[in-house]
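> no letters, just coordinates:
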Ligand SMILES: Nc1ccn([C@@H]2O[C@H](COP(=O)(O)OP(=O)(O)OP(=O)(O)O)[C@@H](O)[C@H]2O)c(=O)n1
Ligand SMILES: C/C(=C\CO)CCC[C@H](C)CCC[C@H](C)CCCC(C)C
C-alpha cells in the first residue's frame, strides 16, 4: 500500500512510501528526507502515524514560534511603557511641562499606545495574557511605590497630581487595572474593550481641554466637571474608538 504525502511547503514536492522501502521523488533531497517527517517512512510506521507525527511536529514548531513572538512583543511593550514614564518625568523635571499636564498626557498616551500595540502580539490564544502582563507589572510598580515600599520619584513625578506617593494607588492603579481587564476579557475580538479604552484615554483628555476652555456650566452633581467637557468626552471618545 502506498501513501503519498505532500512534504515540502515550498513547492509541493512529493515523497512516496512503499511498505518499508522509501522511493524518493526526484526533487526530495537526502538532507530534507533525514530532517523531515519523510524519514519516518523508513521506520515502518503506518501513514496515519506519520501524519500524526507530522502534525505534532508542525504544531510544536508553531507554538514555539508564537511563544517567542509574544515574549518579544511583551518585552517591547514593557520597554515602551518604561520609556513613556521616563520621558514625562524628564520633561517635568526640566520644567518643560507641569506635573498635572504630564499626568494627563501619560493618561492619554499609555492606554492608546497599549491598544495600538496589541497587533504586534501573535494570533495565539495565550497572546492576551502576555499583553496583560504589561499592565500587571505596571500595577505592581504602582502598588510598591504607592505603599512607599520603594518610592520612585520618577513614577510619582510623571503620574501624580500633587506628588504624593499614595496618589499612585488611586487613578493610576485603577487605570492600569482597566487596561489589564480589557486585554484579558475583550482583547482584539471585541470592540467593547477598545471603545471603553478610547473613552477612558482619549475622551478624558478631550474633556479636560474642552472643559477648561468652554466649561463654565457645571454638571449638577459634580462642580469639577462641566457639560462641555462631558459631552466632548462622549463625542470625541466615540470617534477615537471607531478610528
Ligand atoms: N467632564 C469633564 C471633565 C473635565 N473637565 C475639566 O477638566 C479639568 C480636569 O478634569 P479631570 O480630568 O476630571 O481632572 P483630573 O484632575 O485629571 O482628575 P481625574 O483624572 O482624577 O478625574 C477639570 O477641572 C474641568 O475643568 C470638565 O470640565 N468636564
Ligand atoms: C496617569 C495615569 C492615570 C491616571 O489618570 C496613567 C498611569 C500609567 C501607568 C503608570 C503606565 C501604564 C503603562 C501601560 C500599562 C502600557 C503602555 C504601553 C505603551 C506601548 C507605551
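Cool, the structure landed. Nothing here was measured: the structure is a model prediction, and the numbers come from that model. Ligands and ions are numbered 1, 2, ... in the order given.

> now do the SS call for residue 123.
coil (DSSP: H, G, I helix; E, B strand; the rest coil).

> nearest spatial neighbour of it, chain-adjacent residues omitted?
Leaving aside its chain neighbours, residue 123 sits nearest to residue 66 (7.5 Å; criterion: C-beta to C-beta, 6 or more residues apart in numbering). Backbone N, C-alpha and C define where each C-beta goes, glycine included.

> contact partners for residue 92?
Residue 92 makes contact with 98, 99, 102, 157, 158, according to C-beta atoms under 8 Å, 6 or more residues apart in numbering.

> what do you get for residue 100?
Contacts of residue 100 by C-beta under 8 Å, 6+ apart are residue 161.

> check contacts around the closest residue to residue 178 other than its chain neighbours.
Closest residue in space to residue 178, ignoring its immediate chain neighbours: residue 200 at 6.1 Å, by C-beta to C-beta, 6+ apart. Contact analysis of residue 200 by C-beta under 8 Å, 6+ apart lists 111, 175, 178.

> and which of those residues is nearest to ligand 2?
When the contacts of residue 200 are compared for distance to ligand 2 (C-beta to the nearest ligand atom), residue 175 comes out closest, at 3.9 Å.

> average pLDDT for the helix or strand containing that closest one?
Assessed by DSSP states H and E, residue 175 sits inside helix 171-185. The average pLDDT within helix 171-185 is 95.

> same deal with stretch 79-93?
On average, stretch 79-93 scores 93.

> any idea how the chain splits into domains?
Using the TED database, the domain ranges for the chain come out as 64-152+165-189, 191-242.

> and residue 58, how many neighbours?
Residue 58 has 12 neighbours, counted by other C-beta atoms under 10 Å.

> likewise for residue 177?
15.

> is it in contact with residue 142, as I believe?
No - the criterion here is C-beta atoms under 8 Å, and residue 177 misses it with residue 142 at 9.6 Å.

> just to revisit the earlier point, buried members of the contacts of residue 92 into PyMOL, please.
A single PyMOL command selects the buried members of the contacts of residue 92 (16 or more other C-beta atoms under 10 Å):
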select buried, resi 99+102+157+158
